[in-house]
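[1] no FASTA, just this:
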């Protein structure tokens, strides 16, 4: 495997909580239906939502693109059967990743009482 890029993002959970209160459609606007289902299973935990948002940011940093040419919903953060975070790309984000020869991502997510953080490695499989 070859590392194509890395990305990290950290944010204040309180900031996301404030945004959700001020903009009730925040979750619907930036997260896929499957992500919203995951949040519902976690009782709409603001820590989980903040970690998901940080993860999307970390993915696009690892790609080296930011959110240019695609939507936040084109980057999806879910969990496998063991609870490990996984990254799914759709639409233009998937096309850009293929053009960059990114085959997969490794992702780690954590949070404390005040911060959510995500670290992502974009990989090319040999």
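    Yes, it's here. All figures in this text were calculated on a predicted structure; none of them were measured in a lab.

[2] just the strands in this structure please.
    Applying DSSP state E to the chain gives strands spanning 2-12, 75-79, 85-89, 104-111, 115-124.

[3] Residue 47 is nearest to which of these?
    Smallest distance to residue 47 across the strands of the chain (C-beta to C-beta): 4.7 Å, for strand 104-111. C-beta: built from backbone N, CA, C; applies to glycine.

[4] mind checking the longest helix of this structure?
    helix 46-63 (DSSP state H).

[5] circling back: distance to residue 66, mean neighbour count and mean pLDDT added to the strands of the chain, as CSV?
    Output for the strands of the chain, formatted as CSV (distance: least, C-beta to C-beta, whole Å; neighbours: other C-beta atoms under 10 Å; pLDDT from 0 to 100):
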stretch, distance to residue 66, mean neighbour count, mean pLDDT
strand 2-12, 10, 16, 97
strand 75-79, 11, 21, 98
strand 85-89, 14, 17, 98
strand 104-111, 16, 18, 97
strand 115-124, 13, 21, 98
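
[6] possible to save these as a markdown table with distance to residue 55?
    Below are the strands of the chain laid out as a markdown table (distance: least, C-beta to C-beta, whole Å):
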| stretch | distance to residue 55 |
| --- | --- |
| strand 2-12 | 7 |
| strand 75-79 | 4 |
| strand 85-89 | 7 |
| strand 104-111 | 6 |
| strand 115-124 | 4 |
